[in-house]
Structure formats: structure tokens, C-alpha cells
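Peer 1: I would like to see how this sequence folds:
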Amino acid sequence: MTVTLTIAFLVTLGGAVATYLYDDKASFAARLCSGACLGLGALGLVGFVVASFIGLTGNAVVISLLVTTAPLLMLLSPNWRKQVQDDVALQTHSIRRFLNSPDIVSLLYIVFYLAVFVVFLKVFSRAMMVDPTGMSTGDYNNFGDLPFHISVITGFAFGNNFPPEDPTYAGVSFTYPFISDFIASMFVRCGASLEQSMFVENIMLAMAFIGLLHRWAWVLLRDRLAAVITPVLVILNGGFGWVLLFTRANENESGLFGVLANLPPSLTVIPETTWRWGNAVSALLIPQRGFLMGLPLAIIVFTQWWLATEKEEEVIAPPKKKQLKDRGTQTKKSKHSVSSRRMVAAGIAAGFLPLVHAHTFVVVMVMSAVLALLIPRWREWLTFMVVASAIALPQLLWSTSQTAVSTGSFFAWEVGWDHGQENPIWFWFKNTGLAIPLIIAAVLLRGEGAAVLLTIHVVLHRSQLSQDGTLDLGQH
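Peer 2: Sure thing, here's the model as predicted:
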């Protein structure tokens, strides 16, 4: 377990240091969140390539770790080292100032993140439980997924499953995005148990997900309250299934308290009904482990898109007024340079996605094409697409060759999705709640009041705080 935690720390630090190459506006906390996702993603992809040649051995883990933590070599440069030291000093100063003179805003942020951490700690500790009676899970939606993920992890860790075959269908190439499970298998090879390997990865990515959502909402809306509400709505989202609590309360002799004392496995995903929209944590992040890495990587992409295409991209060191005439061309080039670096980083994060979570990759690339038409910054968008394609295409070609998957059946248009005989409009309303009406209202309003509605729209569909505090994820 100690080796696993050391590896997780080093790849996070390497990813955080790498953010200095493109993101001059991030706080150190935001860099750690990005670093966890980028570091683990790189570890998984590099590790898989290395293990495909020499097997998942100790040497493979060491080689992968050396490649993934290469950005730490930047600290040998006095300039880069000073930037990191300045950020660490700023965070240390903020902590000391809070301890000496606590303010309500910083206290609320600390309470918020502690509460989120405790919730995730409880939830992910029950994702897989091992006792003398065997293995079990506390998540109803994880009942079928957990055995599958265990088979994938153990296949890599102990079965030398290279090139990967589907653990369910013998002799069939493995097309399921497996990087999250492969990372867990690397941790297992380093001495962690199955539950420990998944738990460490889950907690790291889940907390990074919240921090990145937090920063993205701030960058997008410049509203403190919206930036806090955004991750809350994401982890507490779901349809109107909760109204069934009151229906059951009317049928229960002890009323609502009697129902709460003996809750059913799920109120939002009920077999043989049209209640199909589960909570994001219990229905996506726990059972479908690819989401846990795919979503935060996508948010990194979205954040860098927004910053790169801002109308007034700030230059790191703008020239003085008296120098504007002579250095106007240089300033313009610097703006393009900052935007291009952001798009390169966004392209790298998007390029990780095919083997992390293929559906998220498709969404990101389609969104980039649409946004390129709406925000015609052709140089930046071309940079993103070239970098993303260069990393993603080899993965796509490899994963779709010699497979039983039909691309034609992978994509389909289904207006009612899982509505059965129920009216599609009513199906979507009861399963998505107020999300779609709020989207329509936000588009129609287009005023100051639309900001909150757009926030809810963003977070319910997949998706500074303190002015210079430790948890200031959006510090500029």
C-alpha cells in the first residue's frame, strides 16, 4: 500500500508541474486536481504500452513511472522552480492567515470540501467490501459491474492478458475502455489489495473531479455561489424518483420515517419501470469506472478551451505603455502562444480519452467541431484537433481492429431512449427533472438571471472562490 500511495503522489506531482507549461492562471490546488487526472491517465496509457511488450512486471511499473514523472525535471530549471515555490508559499501563507484570522468564506470552502471528502470516503469504501463471507458491494447499481471490473483488473495483474481479450467472451478483442482498471492492476502488482487499489484511485479522481468542476464553473461564470453549487448539483443530481418516497410514506404505517428507516435499493433506477435516471455517483462514478477519469479529463479540456478562446486573453507579462508601440507585434504573438499552449494541453487530455472512456471522447470531439463554428479561432481549434487526433487515432485503430463491435450499432438516434410505451416527453421530464426546462429558459432569457440557469444546465448535462485562499481553485 505504501508503494501505491507513493506512485499516486509522484504522478500527481508530475502532472501538477506539467500544468505550468500551459496554465498560467491556475492556483496550486487546481494544479493538483489536474495533475491527479493527467498523471494517472498518462501512467495508465504508458503503462499499458510498456506492459504489452514486457508484461505487467515491476520493471514495467518503474519504466512507466519514470516516463510519467518526467515533468518533474522542469524543477531543475530555476525559473520553473521559482514559480512552483511561489505558489506553494502563497498557499502556505493563506493557510497561516486563515489559522490566525479565520474568515467565513474560507471556512465555508473548507467545510464544503471536507463534507465532500467524507461522503466520497463512505461511498467508495462500500464500492467493494471483503469479509469472511466473501466480496460484496453497497451500491445497487454496482452489483453486475463489480465482478466485471475485478475480472479485468485481475486479468491484467495476474493473467498476463496482453493483448487484451474480453474477459466475458473468450477469443474476442477487448474493446471496453479499460485504462481505469489497468491503473488499479498496476497498484495491485505493487502490493495493494483489490479493494485498496480501486479505493485509492477512486478517491483521487473523485476529489479532483469536484475541484475541476469548481474551477470550471468559476472560469465560465465568474460567480462564487455558482462555482460552489455546480459540483453539489453534479453529485446530488438525478430525476424525480424521490417523489416516490412520499407515495411509499402514505402506504407505510410509520409514515415517512418508516420509509427512511428501510429504504429500497433505488428510487431513481427501478427495473421493469421507466424510472431510469440514477444519481451520478451511484449510477456512473462507482459502477462505470471509466466515467471517474473521463469526466474530469473532459472538464480539463473544456476549461482550457474557454480560457484559450477568451476575447481578451491576458499575457503573462504585458509590456508597459511606453513599450506598446515597439512590442505590439510581440504581444500579439504572446497571446497566440498562450492560447496555443492551452489548446495543446486540451488536445493531450482529450487524446487520453479513447481507452479511458470512449463515449466522452466522442462528445468532446463533436463539441470541438461545433464550437469551432461558433467561435472561429481556427488556429487554436486546428491545434487542438491535430494534437488530440495524433494521440487518439492509434488507440482507436487498435481498439476497433479484429473486434466484434459494429460501429453502426455503436451509434444510434433514439428520441425516447428507454421510454418503452410511455410518452417520451413525460419520460424525459420525470427522469431529468427541471434540467431541460431550465436550459430552454436560460436560452430565452439571455440576461443576468440566465447565469444560474446556465450553471444548472451545464452540470446536469455532463457535464473564486476565496480571493487568495488555499482552496482558491480559480485564482487569477
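Peer 1: next up, phi/psi of Glu165, please.
Peer 2: phi -110, psi 150 (degrees, to the nearest 10).
Peer 1: pLDDT wise, what is it at?
Peer 2: In this model, Glu165 is scored at 87, pLDDT.
Peer 1: tally of neighbours for it?
Peer 2: Using other CB atoms under 10 Å, the number of residues around Glu165 comes to 15. Using the backbone N, CA and C atoms, a C-beta is placed for each residue, glycine as well.
Peer 1: got a list of what the closest residue to it other than its chain neighbours touches?
Peer 2: Here the nearest residue to Glu165 in space, its sequence neighbours aside, is Phe174; by CB to CB, 6 or more residues apart in numbering that works out to 5.8 Å. By CB atoms under 8 Å, 6 or more residues apart in numbering, Phe174 lies in contact with Asn161, Pro164, Glu165, Asp166, Pro167.
Peer 1: nearest to Ser266, of those?
Peer 2: Among those, Pro167 lies closest to Ser266 (CB to CB), at 26.3 Å.
Peer 1: ignoring the adjacent residues along the chain, who's closest to Arg81?
Peer 2: Counting by CB to CB, 6+ apart, Leu75 is the residue found nearest to Arg81 once chain neighbours are left out, at 4.9 Å.
Peer 1: low-confidence regions, the stretch 251-400 of the chain specifically.
Peer 2: With pLDDT under 70 as the threshold, the stretch 251-400 of the chain has low-confidence stretches at 311-336.
Peer 1: all helices in it, in order from the N-terminus.
Peer 2: Secondary structure of the stretch 251-400 of the chain, counting by DSSP state H, counting those that start in this stretch: helices at 255-261, 280, 289-308, 324-351, 358-374, 378-400.
Peer 1: for Arg224, find the nearest of these.
Peer 2: Checking the helices of the stretch 251-400 of the chain against Arg224 by CB to CB gives helix 289-308 as the closest, at 17.0 Å.
Peer 1: okay but Trp242 is in contact with Ser266, surely?
Peer 2: No - between Trp242 and Ser266 there is no contact under CB atoms under 8 Å: 10.9 Å.
Peer 1: among these two, which residue is more densely surrounded?
Peer 2: Ser266 (18 against 12).
Peer 1: distance of the closest residue to that one other than its chain neighbours from Asp181?
Peer 2: In space, and not counting its chain neighbours, Ser266 is closest to Tyr140: 5.0 Å by CB to CB, 6+ apart. Distance of Tyr140 to Asp181, computed by CB to CB, to the nearest Å: 21 Å.
Peer 1: those two: which is more packed in?
Peer 2: Using other CB under 10 Å as the criterion, Tyr140 and Asp181 rank with Asp181 on top: 25 against 14.
Peer 1: how about the contacts made by that one?
Peer 2: Residues in contact with Asp181 (CB under 8 Å, 6+ apart) are His149, Val152, Ile153, Phe156, Arg289.
Peer 1: which two in those residues are spaced the farthest apart?
Peer 2: For those, and using CB to CB, no pair is farther apart than Phe156 and Arg289, which are 13.5 Å apart.
Peer 1: more neighbours, these two?
Peer 2: Each of Phe156 and Arg289 has its neighbours counted (other CB under 10 Å); Arg289 has more, 31 against 27.
Peer 1: which element is Ala51 on?
Peer 2: If you go by DSSP states H and E, Ala51 is part of helix 28-54.
Peer 1: what about Leu10, neighbour count?
Peer 2: For Leu10, using other CB under 10 Å, the count is 17.
Peer 1: and Gly238, by the same measure?
Peer 2: Gly238: 22 surrounding residues under other CB under 10 Å.
Peer 1: isn't it up against Thr432?
Peer 2: No - judged on CB under 8 Å, Gly238 makes no contact with Thr432 at a distance of 9.1 Å.
Peer 1: spit out the residues that contact the two alike.
Peer 2: Residues touching both Gly238 and Thr432 (CB under 8 Å, 6+ apart) are Trp277.
Peer 1: contacts only, for Gly44.
Peer 2: Gly44 sits next to Ile179, Ser180, Phe182, Ile183, Met186, Leu355, Val356 when contact means CB under 8 Å, 6+ apart.
Peer 1: and it, how close does it get to Phe178?
Peer 2: 9 Å.
Peer 1: find the residues that touch each one of the two.
Peer 2: With CB under 8 Å, 6+ apart as the test, Gly44 and Phe178 both reach Leu355.
Peer 1: phi, psi for the residue nearest to Glu165 please.
Peer 2: Main-chain torsions, Phe174, degrees, to the nearest 10: phi -90, psi 110.
Peer 1: and the pLDDT at it?
Peer 2: 86.
Peer 1: gap between it and Asp181?
Peer 2: Using CB to CB, we find Phe174 at a distance of 10 Å from Asp181.
Peer 1: now swap in Ser254 and tell me
Peer 2: Distance of Ser254 to Asp181, given as CB to CB: 43 Å.
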